[in-house]
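Visitor: need coordinates for the following:
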Amino acid sequence: MTSKEIRQSYLDFFRSKGHQIVPSAPMVIKDDPTLMFTNAGMNPWKGIILGNDPIKYPRVADSQKCLRVSGKHNDLEEVGHDTYHHTMFEMLGNWSFGDYFKQEAIDYAWEYIVDVLKIDPANLYATVFEGSKEEGLSRDDEAASFWLRHLPEDHIINGNKHDNFWEMGDTGPCGPCSEIHVDSRSEEEKKQVPGREMVNKDHPQVIEIWNIVFMQYNRKADGSLEPLAKKVIDTGMGFERLVRTMQGKQSNYDTDVFQPMLHKIGELTGHTYGKDEPTDIAMRVIADHIRTISFAITDGQLPSNEKAGYVIRRILRRAVRYGYTFLGMREAFMYRLVPQLIADMGEAYPELIKQEQQITPVIKAEEEAFLRTLDKGISLLDKLIADAREAGKTEISGIDVFTLKDTYGFPLDLTELILRENGMTTNEQEYNQALEHQKEMGRSANKQDLGDWISLTTSSPEGEAEFVGYDELEVETRIVRYRQVSQKGKVFYQVVLEKTPFYAEMGGEVGDTGTLNGVAVVDTKRENGLSVCVMETLPENIQGTVVARVDADRRQAIACNHSATHMLHYALRQVLGNHVEQKGSLVTPDSLRFDFSHFQKVTPQELRQVEMLANQLIRNDYPLQESRHTPIAKAKEMGAMALFGEKYGDDVRVIQYGPSIELCGGCHVSGTGRIGSLRILMETSVAAGVRRIEAVTAAKADELFYRNTDMLNSLRAMFNNAPDIMATIQKQLDENSDLKKQVDDYRAEKAAQIGAKLVEKAVDYHGIQLVKLTGDYDPTMLRNVLTALRGKFADQRVAIVGATYYEDKPMISIFLSQPLVDEGKNAGMMIKAAAKRIQGGGGGQPWMATAGGRDVNGLHDAMEEMLNMLA
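Guide: Numbering: from 1, shown residues only. I've put the predicted structure just below:
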């Protein structure tokens, strides 16, 4: 079976068992503060598992795009070195939400693996949870009994809590799990060591392919367990590993999932996979990482220096450096792999096809930028090596190496390779200490202590609050539950209401603020499908009815900016073309930010057209036409814009203002006229093929107008209310430029005169006409004097050595005539050595150099050292 056939067979099998087949959710998560990426097949179902979302389908199956760069067996730096771990992978999964449980889950797994796929049962092993005394949990004999119907007892293996008890986090749903392992070793190896002894021993040919989680407990904040109200089956089968097993390969990379890509990499780089281990590792890294990078960009996550964007940039740069170091690729090439990826996976994931024109230029630009970084890093490392040699050392500071990696993105393994080639090492202890310090700071900044949820009502103890904020900004409601949260030494409360007017931060729009019974709500967030009010203190009467009131002025400002993004989006498509698509946004009370696809800078003329058209739409005062429960197919027929990387349900909310139609769950004005006006502040680049516009509306647009008007009036007053202020300012600039040139000419002439007088005072010093400068000198004037002397002494050995000060700051300087430079003397090197005497640094060219410092008392010693080097 091909990989495509295997994927389809899984979905077909579970469809036959009454499961709803759903498309993969985006790999990039945008509205869950606890996760940046989908790292397990269950992530899209967290809301249901936690009881926050309603169960639409009790049985579900899919193939989910996942990304892991940390955790058990998932250290990014190890990917490519083995044959079965990946950053991006597909997880085949089936779920039961309060429907079937252990028996059916085990029976379905066996039927699919043995009856459908025809995998030899003799090669299969199942693990079950062995129990835990500290948890008060016994062995999962129930799961073991169901496995005994399919497997001999010696193929059922007890597993410890680490391997066979799955937990969503420090708190929340959890339970025992049962893993299915397959032994793909040769018959000779199996006779020597039984497969049961190799399970969970990291053997590359005895691997886990399926994990069946039996969620039956809830972990509380105090660590205790309580039964889960509705039991959940959560299974995950690694698609790449399954294909490897089915195709009889020893490596995931030998299957048809990766072979076409590896062949393409070989074609572009001139290498053949399977000939050399270092080269093979590099090719595996690139084959794995191109998938991750492309899918992330498709889902709307661009490489950047923050959060999820930094992870993607780090993965891309790792692939580039492997190509650079082991495949000799000094130019961008990974972007040329995108068509091959689309050929391999575009049928299963058509979003790749639709986003090809976005993916390719982003990867190309990132590659080129990092290759420039590599060149800069090599120059910096060369300097560190030269400095170490000059000091008689063979070890580079670990802190310097960490700075190269952390500040300049220069990879550690490449640093170590270059150091080895130069007979150098680095201080690993210093490096590791710096790395651990950085990690600890990150952990401290993100650490949250979450208390247990405290329920206050039995009528609706679980589930999402009813959102009424589209229609009402003040309602009477009840607190359903709350919990205390501690972070960075501060304590605050998360509160869930029965019904809420507060919009929770989502889709780029910030959350509402307001009050509960007069007590401040400082933010509203979404967490695991819940709308959560954030408060620094709780209302006095939390048991009774509370009045929830949204800050109406703030909400109105947010709504103006959000509706304006729709006007802006429509105007951009009209002016620039239909290739324009939203790539991100930020809507706050003060401003809006809109990212969109476009492959060149928007010209001032185009920006003016966009702003004028958006304001025309605003002045037309189109009324809000809202449809809150429109089938997704009908919405698309209406022409509504859907955004890549967003997760939509079967029913969506459609927002229409005249010709602008979009899918959107945010807060909007009743008519475009309420926006007042829109003014664009700036247009910049975010990444290759992605531009950003920042703008203001309503009162903030008025403020901008008033500031600009005041500034213009002040300028007019400065120029005596000249009728043509632009012409007057230009005249002043031209006159100033002429005067500046005259001053520069005068300074150059004066510097030459001073220089000539200095040389007249020269004394003989070892055959050199030497001028010594001490005392108070303006450093700018001194540099000008030394510069003016260049070329004046083509056949004379002349040197000017200065140890001066200005405003209590020391400065040293050296001028050498060309004959001295030809003899091998170097002013830059001399200054660098002498600058240490004044606790400073500097440099320059062989004929002239200067340095500043902090210690005036060191000037005499600096002068002596320069004279000694000159002799």
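Visitor: residues in contact with stretch 415-426?
Guide: 325, 377-378, 381, 385, 388, 394-398, 401, 404-405 (C-beta atoms under 8 Å, 6 or more residues apart in numbering). In short, each C-beta sits where N, CA and C put it, glycine included.
Visitor: so which of those residues belong to strands?
Guide: Judged by DSSP state E, those include 395-396 as members of strands.
Visitor: in helices, which of the contacts of stretch 415-426 appear?
Guide: 325, 377-378, 381, 385, 388, 398, 401, 404-405 (DSSP state H).
Visitor: quick one, what contacts the spatially most central residue of the chain?
Guide: By C-alpha atoms, centre = their mean, the chain has its centre lying nearest to residue 309, at 1.7 Å. By C-beta under 8 Å, 6+ apart, the contact set of residue 309 is 301-303.
Visitor: three-state assignment of it?
Guide: helix (DSSP: H, G, I helix; E, B strand; the rest coil).
Visitor: and the gap between it and residue 765?
Guide: As judged by C-beta to C-beta, to the nearest Å, residue 309 and residue 765 stand 60 Å apart.
Visitor: one step back: would you mind checking the ones in helices among the contacts of stretch 415-426 for buried ones?
Guide: 325, 377, 381, 385, 388, 398, 401, 404-405 (16 or more other C-beta atoms under 10 Å).
Visitor: low-confidence stretches in the chain?
Guide: Residues of the chain that meet the criterion pLDDT under 70 lie in 31, 70-74, 442-448, 458-464, 644-647.
Visitor: and residue 471, that one's in a strand?
Guide: No: remark: residue 471 does not belong to a strand; assigned using three-state DSSP, it is coil.
Visitor: need phi/psi at residue 543.
Guide: phi -80, psi -30 (degrees, to the nearest 10).
Visitor: burial measure for it, as a count.
Guide: Counted with other C-beta atoms under 10 Å, residues neighbouring residue 543 total 10.
Visitor: correct me, but it touches residue 456?
Guide: Yes: the criterion here is C-beta atoms under 8 Å, and residue 543 meets it with residue 456 at 6.1 Å.
Visitor: what sits in contact with each of these two?
Guide: residue 479.
Visitor: what bridges to residue 526?
Guide: Residue 526 has these beta-bridge partners by DSSP bridges: residue 531.
Visitor: check residue 802 too.
Guide: Here residue 802, judged by DSSP bridges, has bridge partners residue 773, residue 813.
Visitor: confirm for me that it is in contact with residue 827.
Guide: No: with contact defined as C-beta under 8 Å, residue 802 does not reach residue 827; the gap is 11.4 Å.
Visitor: and for those two, which residues touch both?
Guide: residue 814.
Visitor: so which pair among the buried ones among the ones in helices among the contacts of stretch 415-426 is furthest apart in space?
Guide: Using C-beta to C-beta, those span at most 22.1 Å, a distance reached by 325 and 388.
Visitor: ok, residue 248 to residue 208 distance?
Guide: From residue 248 to residue 208 the distance is 18 Å (C-beta to C-beta).
Visitor: so between those two, which is more surrounded?
Guide: Neighbours per residue, other C-beta under 10 Å: of residue 248 and residue 208, the larger number sits with residue 208, 20 against 9.
Visitor: that one looks like it's in a strand, true?
Guide: Yes: counting by three-state DSSP, residue 208 is located in a strand.
Visitor: so what's it up against?
Guide: Per C-beta under 8 Å, 6+ apart, neighbours of residue 208: 179-181, 200, 238, 241.
Visitor: will you turn the ones in helices among the contacts of stretch 415-426 into a markdown table that also has distance to residue 641?
Guide: Formatted as a markdown table, the ones in helices among the contacts of stretch 415-426 follow (distance: C-beta to C-beta, whole Å):
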| residue | distance to residue 641 |
| --- | --- |
| 325 | 43 |
| 377 | 42 |
| 378 | 45 |
| 381 | 48 |
| 385 | 54 |
| 388 | 58 |
| 398 | 51 |
| 401 | 48 |
| 404 | 44 |
| 405 | 41 |
